[in-house]
Structures are given as structure tokens and as C-alpha cells.
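K.L.:
With the input below, show me the fold.
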Amino acid sequence: MIPIIDIFAGPGGLGEGFSSLRDENNEQVFKIKLSIEKDVYAHKTLKLRSFYRHFQSNNVPENYYLFLRGEITLDELYNRHPEEAKFADEEAWCGTLGAPEESDNNGVSDEEVDIRIRQALAGMNDWVLIGGPPCQAYSLVGRSRRQETILSEENDKRVGLYKEYLRILAVHQPSVFVMENVKGILSAQTANENVFAKILEDLSDPVSACISEGNYFEDDDARIRYRIYSLAVEPNRYGEDGYPIFNPRDFIIKAEEYGIPQKRHRVILLGVREDLATENNVLTRQEQISLSSVIGNLPPLRSGLTRSYSHSETRTDNSKKRYYVKENDSAENWMRYVDLFNSEIDAVLPVSERQVGERPSTLGIEFKRLQNFDLEQNHPLAIWYRDQNLQGILHHVSRKHLVQDIKRYLFASRYAYQNGAFPRLSDYKNDLKDLVPDHENVDSGKFTDRFRVQLPDIPATTVTSHISKDGHYFIHYDPLQCRSFTVREAARVQTFPDNYFFCGGRTQQFHQVGNAVPPFLAYQISQIVARIFTYNGIN
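P.N.:
Purely as a prediction, here's the structure:
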């Protein structure tokens with residue numbers, strides 16, 4: 001098996017895809033030897049998934065499913081399988097790259113990282129480095145919110161965290177690397193240069209880049225270089241050195257073009273060490289998959305009630321102090337509000353166009369036994385999601401919402417049902433009471449799509465970590481439910497298998513799902529990487 005080192009691993013989306021690839025003998029092609037992640041909850045998820053992978057897929061113990069069903073604790077699961085738990089603990093490491101050891105966030109030294117990598121590789125020279133350095137610094141939305149046009153590593157350490165990836169390339173020189181980031185990195189600028197152009201230059205010649213940063217190498221003449229490839233298009237230009245040249249946007253992978261039920265556009269780089277030959281590094285395009293085909297068979301849920309908005313007062317600084325009243329969260333109270341809101345909305349959206357049917361009465365539970373929730377046999381992702389031993393669904397619980405937000409969700413989903421598109425904020429400005437949010441930025445023009453219904457017949461929009469804060473951008477298309485996505489629905493959009501358990505509370509679970517690389521996309525990338533090894537006679 002080809003070793004994998006996964007850094008900035010998140011909950012393991014890239015690793016899941018690579019470790020899922022099997023050869024003609026049903027043997028794993030890639031084996032994760034070490035994954036490094038700073039977030040405590042994502043690390044727990046990584047460790048649990050590592051534990052799962054230490055069993056053959058057809059020999060996962062019943063104790064794992066007892067844990068998923070809430071019948072035993074995680075500690076009890078590990079205690080019942082101590083050897084596999086030990087291996088998982090060695091593989092999944094909670095540590096923050098690029099932070100001092102004495103920091104409060106699990107900082108680890110470069111020396112410690114190098115020791116762990118060497119131990120994990122055990123002398124093997126042909127291996128793969130995968131990972132996505134934190135992307136918040138480059139995100140277009142984040143830069144807009146921070147009102148930043150010029151990035152500075154002094155002000156935001158995340159700007160330079162790719163150098164931790166770079167240093168590992170320089171020191172350990174893997175055969176291949178796969179690096180993922182947001183497409184906002186293409187336009188990111190520091191005071192001196194374009195960030196992406198600098199990253200490409202550094203990744204192509206990591207030793208020289210690290211030396212220029214003041215790092216010492218025992219053999220300064222060891223100039224291992226990498227050719228950087230797009231996974232979307234073949235190169236049509238080459239430099240004097242014979243290395244391929246791409247336009248920056250050639251590196252954008254549009255996930256919906258590769259069988260992912262989500263319009264997720266990310267920059268993904270494939271780096272191949274200069275001593276290795278390659279051919280055909282481009283992903284194969286597939287038919288688009290609709291959102292409803294992957295979440296439409298999950299049990300319908302009602303939204304919950306937290307509180308209702310009563311009024312606000314404007315402070316001297318023009319900010320607002322808002323007042324709320326706690327609500328009774330019962331199915332009866334929820335239905336009473338929905339009936340009231342429907343009658344008001346009928347005046348704007350004719351009742352003849354309103355979806356009618358039986359309303360759900362449950363918020364869902366963390367594990368629910370079900371017999372018929374799998375996708376249809378001929379669905380392209382049916383086998384990918386399915387685990388016959390699961391016998392139910394995980395993490396399918398609705399959020400509780402502000403009463404006025406439920407009204408907005410109901411209006412938005414009914415609007416989408418009638419018009420085939422979600423409403424913009426201007427569409428809310430009518431005579432319906434409380435439909436327009438009482439926020440200072442309502443008239444700013446910045447968030448006109450503040451309440452976004454996910455449309456059923458096309459791929460979803462990008463699931464991001466912001467889903468952990470509110471569900472306004474991920475409103476379910478079914479007006480009978482008028483709620484935001486559950487963790488499992490977001491996970492299916494991201495193509496996590498149904499038996500993938502996310503540790504932590506719902507906020508932490510959403511955060512992990514939103515930050516991940518879609519595993520099924522990573523699986524397709526792993527096929528290309530495997531071909532490179534085969535083409536070069538490396539087993």
C-alpha cells in the first residue's frame with residue numbers, strides 16, 4: 001500500500017477518498033500513516049474513522065454500530081478493541097502546525113513533525129502528501145467581511161500557513177502531493193506579490209523556497225522540484241524547462257462536474273516529483289447529480305422553535321438592542337405558527353401553487369432505525385453512501401429556529417417551489433409583517449441572498465463552515481418542513497458515507513462538514529495519483 005501523510009486534515013475528507021480506493025484484488029491502494037489536525041473535535045472524528053478503517057470493510061465489528069446507535073460510549077468502543085484504538089491513536093495526531101509548542105492550541109515543533117513523519121513512513125520514499133492549509137485568509141467572503149484588499153502575514157498568520165506544507169515537501173520529498181484551497185486564493189495579494197503565483201513558484205522548488213526563508217538544509221544542493229498540474233485541463237503550454245504552464249483558473253475544480261451534488265469550486269493542485277513521468281492527469285467529467293436525489297429520501301422533519309422577536313431599540317451608536325420571548329417548542333405550537341404564516345403568505349403566493357401534504361411532527365434524533373432510506377440502486381452514489389449494517393441514519397436532527405426565521409424559510413421555500421429560484425431580499429419587502437429582518441445591513445445591498453433555498457433539481461450551492469452559525473443559506477426546498485439542513489443532509493451533499501460519524505455537538509459537526517473536501521471527489525483524484533505510481537512501476 002502507498003503511504004499517505006494528511007496534514008491540515010479536518011475531519012478527513014481527502015483521506016477518506018484516498019483510503020477508499022481498492023485494486024482488482026479488493027486491497028487498499030493507499031494507507032493513511034499519519035493525519036494531523038488542530039481542531040479537537042475534528043481530530044476525534046479522524047481518530048474514530050481511523051479506528052473504523054483498521055477493520056476490513058466486510059468485518060467491521062457490531063460494537064462500532066452499537067456506538068453509532070448510542071448504545072455504548074466512544075470510550076467503551078475503544079476499550080473493547082484496544083489494539084485498533086491504539087493504531088488509530090498513533091495515526092491521528094492533534095497538533096497545530098506553525099504554532100509555538102508553548103501555545104494554547106496544541107502547537108508542535110518542526111522537529112517533532114519530522115520525527116512523526118519519518119516514523120510513519122518507516123523508510124519508504126514513495127508516498128503522497130495531501131491536505132489543505134487553512135483557507136479563511138484567502139476566502140473572498142472573509143476578505144469582504146474584513147474589508148481587506150491586501151493580505152499581511154504579520155497581521156494574519158494563516159496567510160503563510162502554506163509554508164508548513166512547503167517545508168514538509170522540502171524535507172521529506174514525497175512522490176506526489178495534492179493541495180486544496182478556496183478559489184479566492186487566485187486573487188489574494190500581499191503588498192509585494194500575488195499570493196497564488198508565489199505559492200506555485202514555491203511548490204515547484206520547495207527547497208530553494210525554504211532556504212530563502214532562512215531554513216537550513218544539510219544538503220543545499222538537493223533541489224528536488226515538482227511539476228504542478230491541473231486536474232481539470234491538460235497543459236497546452238510548457239516552459240523552457242519542460243514544465244507545464246497553466247492559467248490560474250485552470251486549477252479550479254468545479255465539483256458538480258464530477259458527480260458531486262454540490263456547486264463547490266475549489267483550487268486543487270497536483271504536484272508530481274520531477275523524477276516521475278505522468279500521463280492523463282485530468283478528472284473525467286460526469287453527469288450532474290441533483291440535491292433531491294441524495295437527500296429527498298431522508299425522513300421529513302419539522303423545524304424547532306427557540307424564541308420569537310418582540311422589538312428592538314436603537315442605541316446611541318446606531319446599533320440595535322433586540323428583545324426576544326422564549327417559545328414553547330412543541331409540534332402543536334409549531335403547526336399553529338405555520339398555519340398562521342401560510343395564511344399570510346397566501347396573499348402574496350397563491351394557495352393554488354402551495355405544496356400540500358402531511359406535515360412532519362418530529363425534530364429527528366441522532367440515530368434513527370430505518371429500513372428504506374438508501375438511494376435507489378441505480379443512483380451513481382448509492383454504493384458510496386450505503387452501509388448495510390448501519391440499519392438507520394445518523395445526525396439527522398433539525399435545528400431550532402427563531403419564529404420569524406421560520407416564517408422567512410416558509411416564504412422562501414414556497415417562493416422557490418413556485419418560481420424555481422430562491423427569493424432575493426428585495427422580494428421580502430412587501431406587506432407581510434416581520435418578513436424583512438430587523439438588521440442594520442438590510443439596505444446595504446451586501447447580502448441580498450441572505451435566505452437561500454437549496455433547489456431540488458440541481459446540485460446544492462457550496463456547503464461552508466458558516467453553516468455552523470446559521471442555516472439561512474441552506475434552507476430545505478420542502479415548504480412542509482421550513483427548516484435548514486441537518487448535519488446528515490450537509491454530509492450527503494459533501495458525499496460523506498452514511499456511516500461517517502462526526503464528533504462533537506451539532507455546531508462542531510457542521511463546522512467539520514463545511515470545511516471538508518468531498519470524499520467522492522478525493523476518491524476520483526486518488527485514481528489519478530494511483531495511475532502515476534503504476535505508470536512509474538511503483539507498487
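
K.L.:
for the stretch 151-300 of the chain, which spans come out with low pLDDT?
P.N.:
151-161, 189-192, 212-222 (pLDDT under 70).

K.L.:
all helices of it, in order?
P.N.:
Shown for the stretch 151-300 of the chain, the helices assigned by DSSP state H, counting those that start in this stretch span residues 162-172, 195-204, 206-212, 292-295.

K.L.:
could those helices go into TSV alongside mean neighbour count and distance to Gly10?
P.N.:
Where you see a C-beta, it was placed from the backbone N, CA and C, and this is true even at glycine. Listed next are the helices of the stretch 151-300 of the chain as TSV, based on neighbours: other C-beta atoms under 10 Å; distance: least, C-beta to C-beta, whole Å:
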stretch	mean neighbour count	distance to Gly10
helix 162-172	22	14
helix 195-204	18	19
helix 206-212	18	23
helix 292-295	21	21
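
K.L.:
Give me the nearest residue to Val108, chain neighbours excluded.
P.N.:
Nearest non-adjacent residue to Val108, counting by C-beta to C-beta, 6 or more residues apart in numbering: Gly95, 3.9 Å away.

K.L.:
so the one you found touches Gly107, yeah?
P.N.:
Yes: at 7.4 Å, Gly95 counts as touching Gly107 under the criterion of C-beta atoms under 8 Å.

K.L.:
quick one, which of the two is more surrounded?
P.N.:
Taking other C-beta atoms under 10 Å, Gly95 and Gly107 do not tie; Gly95 has more neighbours (19 against 16).

K.L.:
Spit out the contact partners of the more buried one.
P.N.:
36-38, 106-108, 112-113 (C-beta atoms under 8 Å, 6 or more residues apart in numbering).

K.L.:
6 Å instead, please
P.N.:
36, 106, 108 (C-beta atoms under 6 Å, 6 or more residues apart in numbering).

K.L.:
Pipe the residues you listed into a markdown table and attach secondary structure, distance to Pro61 and pLDDT per row.
P.N.:
Putting those into a markdown table (DSSP: H, G, I helix; E, B strand; the rest coil; distance: C-beta to C-beta, whole Å; pLDDT from 0 to 100) gives the following:
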| residue | secondary structure | distance to Pro61 | pLDDT |
| --- | --- | --- | --- |
| Ile36 | strand | 27 | 96 |
| Asn106 | coil | 30 | 76 |
| Val108 | coil | 32 | 87 |
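
K.L.:
Restricted to buried residues, select those residues in ChimeraX.
P.N.:
Command for ChimeraX that selects the buried part of the contacts of Gly95, burial taken from 16 or more other C-beta atoms under 10 Å:
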select :36,106,108
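
K.L.:
Please read off the pLDDT at the residue nearest to Val108 from the model.
P.N.:
Reading off the confidence values, Gly95 has pLDDT 92.

K.L.:
Return the closest of the contacts of Gly95 with respect to Glu376.
P.N.:
Ile36 (38.5 Å; C-beta to C-beta).

K.L.:
show me the contacts for that closest one.
P.N.:
7, 93, 95.

K.L.:
what's the answer for His265, then?
P.N.:
Per C-beta under 6 Å, 6+ apart, neighbours of His265: 183, 252, 254.

K.L.:
try 10 Å
P.N.:
182-183, 249, 252-257, 462 (C-beta atoms under 10 Å, 6 or more residues apart in numbering).

K.L.:
Leaving out sequence neighbours, find the closest residue to Ile199.
P.N.:
In space, Ile199 is closest to Tyr162, 5.7 Å off (C-beta to C-beta, 6+ apart).

K.L.:
I'd guessed that neighbour sits against Phe177; true?
P.N.:
No: using C-beta atoms under 10 Å, Tyr162 makes no contact with Phe177, being 11.6 Å away.

K.L.:
For the two, list the residues in contact with both.
P.N.:
131, 203.

K.L.:
would you list every one of the helices in the stretch 401-539 of the chain?
P.N.:
Secondary structure of the stretch 401-539 of the chain, counting by DSSP H, counting those that start in this stretch: helices at 403-419, 487-493, 506-515, 519-535.

K.L.:
Select, out of these, the one closest to Glu76.
P.N.:
Of all the helices of the stretch 401-539 of the chain, it is helix 506-515 that lies closest to Glu76, at 20.8 Å by C-beta to C-beta.

K.L.:
tell me the average confidence for that closest one?
P.N.:
95.

K.L.:
just checking, what packs against that helix?
P.N.:
Helices and strands touching helix 506-515, as assessed by 3 or more C-beta pairs under 10 Å, 6 or more residues apart in numbering; DSSP states H and E, comprise helix 13-19, helix 40-53, strand 392-397, helix 487-493.

K.L.:
would you turn these into CSV with mean pLDDT?
P.N.:
Formatted as CSV, these follow (pLDDT from 0 to 100):
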stretch, mean pLDDT
helix 13-19, 97
helix 40-53, 97
strand 392-397, 96
helix 487-493, 97
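
K.L.:
out of these, nearest to Ile117?
P.N.:
For those, the distance to Ile117 is smallest for helix 13-19, at 15.2 Å, taking C-beta to C-beta.

K.L.:
In CSV, list the C-alpha atoms belonging to that closest one.
P.N.:
Provided in CSV are the C-alpha atoms of helix 13-19 (Å, rounded to 0.1, in the frame of the first residue of the first chain):
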residue,chain,number,x,y,z
GLY,A,13,-12.5,14.2,3.6
LEU,A,14,-9.4,13.9,1.4
GLY,A,15,-8.1,10.9,3.4
GLU,A,16,-11.5,9.1,3.2
GLY,A,17,-11.4,9.3,-0.6
PHE,A,18,-7.8,8.1,-0.9
SER,A,19,-8.2,5.3,1.6
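
K.L.:
Just the buried positions in that helix, please.
P.N.:
The neighbour-count check on helix 13-19 (16+ other C-beta under 10 Å) flags 13-19 as buried.

K.L.:
wait, which of these is closest to Val513?
P.N.:
Once C-beta to C-beta is applied, the member of the buried residues of helix 13-19 that ends up nearest Val513 is Gly13, at 8.9 Å.

K.L.:
so where's the stretch 401-539 of the chain uncertain?
P.N.:
429-431, 433, 438-449.

K.L.:
give the contact list for the residue nearest to Ile199.
P.N.:
8, 98, 131-135, 137-138, 179, 181, 185, 195, 198-199, 202-203.

K.L.:
Quick one: the helices in the stretch 1-150 of the chain, in order.
P.N.:
13-19, 40-53, 62-68, 74-80, 82-91, 110-121, 140-146.

K.L.:
so of those helices, which one's packed in deepest?
P.N.:
Most buried of the helices of the stretch 1-150 of the chain by mean neighbour count (mean count of other C-beta atoms under 10 Å) is helix 13-19; its value is a mean of 27.
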